[in-house]
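> The sequence and its predicted three-dimensional model are supplied below.
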Amino acid sequence: MTFSLDGLRRWPDVEAPDLVATDAADRLLLDESAAARSTAGDRGLVVIGDGYGALTLGAAADGGRGIRVHQDPLTGERALAANAERFGLGDTFVSLPLSPELVRGARIVLLRLPRSLDALRDIAGLIAAHAAADVVVFAGGRVKHMTLAMNEVLHAHFARLDVTHARQKSRALVAREPHDGRDPVPTRATRDGIVVCAYGGAFAGASIDIGTRLLLDHLPPLADDTAIDFACGTGVIATALALRHPSLRLLACDQSAAAVASARATADANGVADRVQVVRDDMLGAQPDAGASFIALNPPFHSGSAVHEGLAPRMFAEAARVLRPGGELWTVWNSGLRYRPALERTVGPTRQIARNAKFTVTASTRR
């Protein structure tokens, strides 16, 4: 099959007519980097933040091989693999963690700019520390999501920064001459008696968002069993439950690599790493049917940069699959989203536990 950016899919991420697998920023980055990529050599090209494979497979279709790729969401990784399989490009790249191995000796980096400045700092510092001295970084995104602060972050690690003309509401920053590199380290802060650790890009950083705080204030006592912190973020809920219940074992899961690394660091910093297992998973895919008695969930409502209300109902259905009859899903959600009918329909009888000016906490019992 002939490769086409228009043929890419988002699957297994949520798909809808208003959600795209590639955009003008991907095309701009591929065009701006074309000449440089032709001289990168085997394993000289690194792609970071590729949504669903547009940058990686676009470069592979141009002859790139040995491409090293990092995508924070597991759904992005799996979408890239599925798209590559469909176009016969599965042997052109390797997916790696955000680590020195990812960027060591790289000569060209294609980067979709993250929304989080802390995530950009982690990425820029890592590239500057381990890439080739002549590395060129093509960092781009949609203009509406770009800020001058991103330029400042890149300037902290690259002496030269050029800005391309905007095209179709997208723009690229081209960084050269790396300096002052550093490996990512988590930010640490003590919140409500918990040491919270956060790598760049983890939701809420080293703080506790107000929804999670409301849920934590109302979680029930739990039996000496295993509980699940679903979409765990920095692992605050799992760590708090482990601290409250010394015999409880916790599973914390998230599809974000930054979240998983943060949750592991949080559990370790609070001395409960031996009872908090942290895994990177798409939904609860690795968990068996009807095996859990308690799940806590603060569901996201963004798919990448797009707000989409289809995400939480999918998570409710996954929690229902994993809960045993009589098990409970405790959820905190923005009250304006009105999730209660979906919880009633998908999981079972749902009661309100708490509510403040913005958020609602509910408990749903599996039928």
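Structure's in. What do you need? Numbers count the residues shown, from 1 in each chain.

> mind giving me the domain split of this protein?
The record's domain split for the chain, according to automatic domain parsing, is 5-178, 187-365.

> and the last one, how far out from the chain's middle?
Domain 187-365 has its average C-alpha position 15 Å from the chain's average C-alpha position, going by Cα atoms, centre = their mean, to the nearest Å.

> With mean pLDDT as new columns, can the domains of the chain be given to me in JSON lines?
Output for these, formatted as JSON lines (pLDDT from 0 to 100):
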{"stretch": "domain 5-178", "mean pLDDT": "97"}
{"stretch": "domain 187-365", "mean pLDDT": "94"}
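
> can I get those domains in JSON lines with mean neighbour count?
Glycine gets a C-beta too; all of them are placed from N, C-alpha and C. Formatted as JSON lines, those follow (neighbours: other Cβ atoms under 10 Å):
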{"stretch": "domain 5-178", "mean neighbour count": "19"}
{"stretch": "domain 187-365", "mean neighbour count": "19"}
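
> what's the longest strand in this protein?
Assignment by DSSP state E gives strand 323-334 as the longest strand of the chain.

> Next SSE downstream of that one?
Per DSSP states H and E, the first helix or strand lying C-terminal to strand 323-334 is helix 340-346.

> Give me the residues contacting the following helix or strand past that following helix.
Toward the C-terminus, helix 340-346 is succeeded by strand 350-355 as the next helix or strand (DSSP H and E). Contacts to strand 350-355, defined as Cβ atoms under 8 Å, 6 or more residues apart in numbering, come from residues 214, 217-218, 330, 335, 340, 343-344, 360-365.

> for those residues, which one is nearest Arg321?
Nearest to Arg321 among the contacts of strand 350-355, counting by Cβ to Cβ, is Ser364 at 13.3 Å.

> got a list of what the closest one touches?
316, 328-331, 343-344, 347-350 are the contacts of Ser364 under Cβ under 8 Å, 6+ apart.

> Identify the bridge partners of it.
For Ser364, the beta-bridge partners under DSSP bridges are Leu329, Thr350.

> Repeat that for Ala292.
In this entry, Ala292 is beta-bridged to Leu323, by DSSP bridges.

> any idea which element the residue lying closest to Gly90 once chain neighbours are set aside lies in?
Nearest residue to Gly90 in three dimensions, chain neighbours excluded: Ala84, at 4.5 Å (Cβ to Cβ, 6 or more residues apart in numbering). Using DSSP H and E, Ala84 maps to helix 74-87.

> next one: Ala252
For Ala252, the host element (DSSP H and E) is strand 249-254.

> got the angle for that strand vs helix 74-87?
Angle, strand 249-254 to helix 74-87, by axes from the mean of the first three to the mean of the last three Cα atoms, to 10 degrees: 50 degrees.

> So which elements touch strand 249-254?
The contact analysis (3 or more Cβ pairs under 8 Å, 6 or more residues apart in numbering; DSSP states H and E) places strand 249-254 against strand 226-230, helix 236-244, helix 257-269, strand 276-280.

> Given that strand, what are its sheet partners and their directions?
strand 226-230 (parallel), strand 276-280 (parallel).

> possible to save those as a markdown table with distance to Leu297?
A markdown table is the format used below for the strands paired with strand 249-254 (distance: least, Cβ to Cβ, whole Å):
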| stretch | distance to Leu297 |
| --- | --- |
| strand 226-230 | 4 |
| strand 276-280 | 16 |
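
> With respect to Ala312, which of those strands lies nearest?
Among the strands paired with strand 249-254, if distance is taken as Cβ to Cβ, the winner is strand 226-230, at 11.1 Å.

> Show me what the closest one is in contact with.
Applying Cβ under 8 Å, 6+ apart, the external contacts of strand 226-230 come out as 235, 237-238, 241, 248-253, 263, 284, 287, 292-297, 315, 318-319, 322.

> what does stretch 72-86 give?
With Cβ under 8 Å, 6+ apart as the criterion, stretch 72-86 contacts 1, 7-13, 21, 49-53, 56-57, 60, 69, 71, 90, 92-93, 95, 98, 114, 119, 201, 255-258, 280-282.
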